[in-house]
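> I would like the atomic coordinates for the input below:
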Amino acid sequence: MAIIRDSFCCYMPTFWPCAGNSLLATSPFFGPAKCAIIDTPLGTEELAHWEMLGTMIYQCLRGASLAEIEAAGLSGYYTLHNHAVFPSDPNGVPFTTAYIQATGDPVTDLVEDLAAEQKARTAYEHIMSMTNDPALLGPLRFLREREVVHYQRFGECLEIVQRMVPNNNEKVRFVANGRIVTTGDGCHDICPNMRL
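A predicted model of the protein is given here:
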């Protein structure tokens, strides 16, 4: 496994999580999925992705000397975290849930989820361009592919929700108990596969 001498590993601690990580969008999905076609609780899967990235970071930092850490430009990281794995963005800002959003409007939330999946896919591609280590590229390819699958599932959910809104001019207020509630006059039944 790569160690910190690999130039990629110098940056690895800052990728967990990167700002575009789809966990930011899927955090509201802890619990039942918004749509039955999302057959895996995405929040749980995204946590597993964090675990994979954390393992890669640990393997990159494991055994690195202080001189190697300093040469890699990770002195600040080391000062605060030693060899520990700590989620921060590329600027060293710790992960925060301050940017996680759920509006209660399923169309808005699904579009945000789609964007987050694309940002995560792009981030994985950028990360992959920084190394040629097969031990790192394999898991990163897997993670990138999962973001593509998540994007497809969210897109399918969005199509279902958009078909169920009876009038495009109506604002969807919320989806609950198999019904869509709009600002129009009353509730409209939706497909039984839709649930919160």
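> show me the strands in this structure, by range?
172-176, 179-182, 187-189 (DSSP state E).
> once you drop chain neighbours, what's closest to E125?
The spatial neighbour of E125 that comes closest, neighbours along the chain excluded (C-beta to C-beta, 6 or more residues apart in numbering), is R144 at 6.4 Å. Bear in mind the C-beta positions are built from the backbone N, C-alpha and C, glycine included.
> my bad, Q101
Spatial nearest neighbour of Q101, excluding adjacent residues (C-beta to C-beta, 6+ apart): E112 at 6.4 Å.
> which other helices and strands contact the lengthiest helix in the chain?
Secondary structure of the chain read by DSSP state H shows that its longest helix is helix 134-164. Contact partners of helix 134-164 among helices and strands, from 3 or more C-beta pairs under 8 Å, 6 or more residues apart in numbering; DSSP states H and E: helix 42-61, helix 106-128.
> that one - what's its average pLDDT?
Mean per-residue pLDDT for helix 134-164: 89.
> relative to helix 106-128, how tilted is it?
Interaxial angle of helix 134-164 relative to helix 106-128 (axes from the mean of the first three to the mean of the last three C-alpha atoms, to 10 degrees): 160 degrees.
> would you mark the buried spots in helix 134-164?
Of the residues in helix 134-164, those buried under the neighbour-count criterion (16 or more other C-beta atoms under 10 Å) are 136, 140, 143-144, 146-147, 150-151, 153-154, 157-158, 160-161, 164.
> which among those gets closest to P94?
Distance to P94 across these (C-beta to C-beta) is lowest for L143, with 21.4 Å.
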